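Undergrad: Mind looking at a prediction? Sequence and model below.
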Amino acid sequence: MVENIDNLLKLAYGFSISKILFTAVSFDVFTKLSGTEKTAAQLSQELSLPERSFSRLLNSCTALGLLNKKDGRYSNTPLSEEYLVEGKPFYFGYHINALNSRLYGPWGTLEEIIKKDEFQPSVEGKSDDIIKAVSSTKEFARKAMMSQHNYSQLIAIDFAETIDLTGRKSFLDIGGGTGIFTAETAKRFPHIEYTIFDRGFVLEVAKDILKEHKVEDKVKLCEGDILNDPFPEGSDVALLSGVLDGYDEAICRDMIKKIYDYLPKGGLFYITESVINDERSGPVFPSIFSLILLLQTEKGDARSRGEMEEWLRDAGFKVVKYEVMSKRSGAYRNSGLITAVKE
């Protein structure tokens, strides 16, 4: 809630805070400072940047709590060391770089996008929306999927620690992307079989992630289009993570019905999304995400608990429970998990 002029000023200057972070990550500032401390002169020389302007960026990062500064020497804060150093397990830089290259510019034209009320191509000069663009080239698929991987890593850990697959035989990750949800789940429930179903360029990225997590021998990769191709046979658990927000209601309903028809009686179905409230007035991140989807997809939108549960019931599912996952991934994204069963 905006209660005073300070809150209003923070909102008004939010764009500058984002760009400070984006620029520092783009320059590899935090990676250069990993495990050490350096002066502005040392860093500017390493990065071939002018010290006068670069030192102002470093001071702004310090003011924002991204860097420490003592006796003229800069070092990473614990947050930056964990999430902004390339090569660290939870490095978030791929996602930050994607926000900078794919969203920051188009976001500045939001007035025109809203006036036109139509999808605005904003994916590195491509005319497709983000979903179609991922299938266009191997190079773009990797860049887009690593951004999504960063976004999903901690949510995937929360997911694996929340669900119960006791007595289940086979898990199908539909539109599974980099496979991080499958990887984390396979580590916690190694007794069952796993399959990721997605497009070919995307599965190439998933191979690397599964190998990194040492679960590549537990997971089958099956190429296909989640809307038009039949699902691989045999699973009694299905996951749809961050997929429904890319499509309109009619396609979402068709997809859920397709999954209902696929699963055996008693089959489990999990949906995860950044969930907006039923009035579509909050929380903050899902509301922002709704606008991002206006820029990047033809018909996508943030999804509410009420509409998803309605679609599930109309397809024949029994909704078992809804919960928000936040232990590792935090509360800001309002990452909701719906558990449903085919009776």
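TA: It's in.

Undergrad: Identify the bridge partners of residue 337.
TA: residue 272, residue 323 (DSSP bridges).

Undergrad: how near is the nearest residue to residue 18 once chain neighbours are set aside to residue 110?
TA: Counting by Cβ to Cβ, 6 or more residues apart in numbering, residue 104 is the residue found nearest to residue 18 once chain neighbours are left out, at 7.1 Å. C-betas here are computed from N, CA, C, even on glycine. Note on residue 104: its distance to residue 110, by Cβ to Cβ, to the nearest Å, is 12 Å.

Undergrad: if we can go back for a sec, give me the element the residue nearest to residue 18 is part of.
TA: helix 104-107 (DSSP states H and E).

Undergrad: quick one, what contacts residue 65?
TA: Going by Cβ atoms under 8 Å, 6 or more residues apart in numbering, residue 65 touches 77, 79.

Undergrad: what about it, is that helix, strand or coil?
TA: coil (DSSP: H, G, I helix; E, B strand; the rest coil).

Undergrad: what does the one 4 residues further on give?
TA: Reducing the assignment to helix, strand or coil with three-state DSSP, the entry for residue 69 is strand.

Undergrad: same question, the one 10 residues further on
TA: Going by three-state DSSP, the secondary structure assigned to residue 79 is helix.

Undergrad: show me the contacts for residue 192.
TA: 165, 168-171, 237.

Undergrad: Output the contacting helices and strands for the helix holding residue 104.
TA: helix 14-26 (3 or more Cβ pairs under 8 Å, 6 or more residues apart in numbering; DSSP states H and E).

Undergrad: thinking again about what came up before, chain center to the helix holding residue 104, what's the gap?
TA: With Cα atoms, centre = their mean, to the nearest Å as the basis, helix 104-107 stands 18 Å off its chain's centre.

Undergrad: Same check on stretch 256-265?
TA: 26 Å.

Undergrad: Could I get the buried residue list for stretch 297-306?
TA: Buried residues in stretch 297-306, counted by 16 or more other Cβ atoms under 10 Å: 297-305.

Undergrad: now do stretch 210-226
TA: In stretch 210-226, counting by 16+ other Cβ under 10 Å, buried: 210, 213, 215-216, 218-219, 221, 224, 226.

Undergrad: Can you list the residue ranges for strands in the stretch 151-300 of the chain?
TA: 170-174, 193-198, 219-223, 237-241, 268-276 (DSSP state E, counting those that start in this stretch).

Undergrad: Out of the buried residues of stretch 297-306, list just those in helices.
TA: residue 305 (DSSP state H).

Undergrad: among the buried residues of stretch 297-306, which two are most distant?
TA: 298 and 305 (23.9 Å; Cβ to Cβ).

Undergrad: In helices, which of the buried residues of stretch 210-226 fall?
TA: Of the buried residues of stretch 210-226, the ones assigned to helices by DSSP H are residue 210.

Undergrad: Name the helix or strand of this structure that has the lowest mean pLDDT.
TA: helix 130-133 (a mean of 66; mean pLDDT, DSSP states H and E).

Undergrad: In terms of pLDDT, where does the residue of the chain most remote from its centre sit?
TA: When distances are taken from the C-alpha mean of the chain, residue 71 lies farthest, 38.2 Å away, according to Cα atoms, centre = their mean. You'll see residue 71 listed with a pLDDT of 98.

Undergrad: how close does residue 311 sit to residue 179?
TA: Residue 311 is 25 Å from residue 179, by Cβ to Cβ.

Undergrad: between these two, which one's more packed in?
TA: Remark: of residue 311 and residue 179, residue 179 carries more neighbours, 32 against 20, as counted by other Cβ atoms under 10 Å.

Undergrad: I'd say the more buried one and residue 186 touch.
TA: No - applying Cβ atoms under 8 Å as the test, residue 179 and residue 186 come out as separate, 9.1 Å apart.

Undergrad: what's the overlap in contacts for those two?
TA: residue 219.

Undergrad: what's the burial count for residue 117?
TA: Residue 117 has 7 nearby residues by other Cβ under 10 Å.
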